[in-house]
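K.L.:
attaching a predicted model along with its sequence, questions to come.
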Amino acid sequence: MAEIRRDEGSFPTADNLKLYWVSAVPAEPVAHLALVHGYADHIGRYAHVIDHFAGRGYAVHGFDVRGHGRSEGRRGHVQHFSDYLDDLSRFLERVKIAAGGKPVFLMGHSHGGLLAATYALGQPTELAGMILTSPFFGLAFKPPAIKVAAGKLLAHIAPGLHMGNELKSESLTRDQAFVDAHRIDEKVFKVTTPGWFVAALAAQARVLAEASRVQLPLAMFVGGSDPIADVKAAQRFFDAAGSADKTFKAYDGALHEVLNETNRDEVFADIGAWLGKHLTA
C-alpha cells in the first residue's frame, strides 16, 4: 500500500469555537472525500472508513461537529442549524484548497446526512457529488407527543438543557464488536438538548420540502431495518431530489450504521463503485 500522510488539527468557527479535523492523504489522490459524522458521534469512529478509502487512493478528511468529539461546544447542542452549515462550509473550503482542483465528494451519515443534504440545497459548485448513509430525515419511531411538546417549549425557555436521549447501542448495527465499542466510547454522549431538537426538526422539514433544489449527483445507502432514521423519509427525499444522476440502495436486515454493519464490505464496495464512476464528473 502506498504511503498515506495523516494530519490533524483544529479550525475556528465564526463564534470562535475550535473544531477538530483529521485527514489521510495518499501521495497522488484521485479525489477528495469529506466525511460528516452523526449525532452523539465523532470522527474517531470512522477510522476504518478513512483507512479503507485512503487505501484506495482517496484523500479523506473529517471533522468533529461542534459539541461533539474533540471539538469545542456544549455537548449535542446548537442554537441555530445554520451554525452547522457555516462550520461545514468552512471545513469544505479547507478540503477544496487541499484538493487543488481534483473532485471533492461530500459524504454524510445520519445527522451528518441531514447536514450535508441541507448544505446541498444551496447547489454548491465545489462538490462533484454527495453520498448519504442512513440520513436522519425523520425518526423511524414516533416519540410520545408530550415529549415533543415539552421539547418545543423548552427550546424557548432552556434551549441548552441537557436531557437524556434514547439511543441504544444495539440499535446501530448487528456487529457485536461495534456495539460493544460504542457502549464504552467516552466520546459518545447520551444527551440531547431542546434547542438541537427543534433545529433538527426544522432542517428535516426543509430538506423534504426543498429536495428538488438538490442537483448534485446523489447516492443514498440505507439500512432496510433501520430503527432510528426513517427509511421512508429517505426514500421521499430521494424521489423528490432534483438530481438527474441518483442512486438509492437499501440493505435487507441492516440497521442504522451501514458503515459498521456485518455487510459493510458490500456497502464499501457499492460506495467505491459509485465514486469511481463519478471521478471525472
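P.N.:
Happy to help now that I have it.
K.L.:
CA only for contacts and neighbour counts going forward, please
P.N.:
Will do.
K.L.:
give me the buried positions along stretch 219-239.
P.N.:
219-231, 233-235, 237-238 (16 or more other Cα atoms under 10 Å).
K.L.:
what are the ranges of the strands in the stretch 51-200 of the chain?
P.N.:
Taking DSSP state E, counting those that start in this stretch to define them, one finds strands in the stretch 51-200 of the chain at 58-63, 104-109, 129-133, 163-164, 191-192.
K.L.:
correct me if wrong: Arg70 contacts Asp64.
P.N.:
Yes. Using Cα atoms under 8 Å, Arg70 is in contact with Asp64, at 6.4 Å.
K.L.:
on that earlier part again, what about the buried residues of stretch 219-239, which are in strands?
P.N.:
Judged by DSSP state E, the buried residues of stretch 219-239 include Ala219, Met220, Phe221, Val222, Gly223 as members of strands.
K.L.:
can I get those in TSV including pLDDT and distance to Ala205?
P.N.:
What follows is those, written out as TSV (pLDDT from 0 to 100; distance: Cα to Cα, whole Å):
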residue	pLDDT	distance to Ala205
Ala219	98	20
Met220	98	18
Phe221	98	21
Val222	98	19
Gly223	98	21
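K.L.:
just the closest of those to Phe136, please.
P.N.:
Lowest distance from Phe136 to those (Cα to Cα) belongs to Val222, with 10.4 Å.
K.L.:
how about Val104, nearest residue that isn't a chain neighbour?
P.N.:
His32 (4.7 Å; Cα to Cα, 6 or more residues apart in numbering).
K.L.:
distance of the one you found from Leu275?
P.N.:
10 Å (Cα to Cα, to the nearest Å).
K.L.:
next up, the contacts around the residue nearest the centre of the chain.
P.N.:
Nearest residue to the geometric centre of the chain (Cα atoms, centre = their mean): Gly112, 2.1 Å. Shown in contact with Gly112 (Cα atoms under 8 Å, 6 or more residues apart in numbering): Val36, His37, Gly38, Tyr39, Pro135, Phe136.
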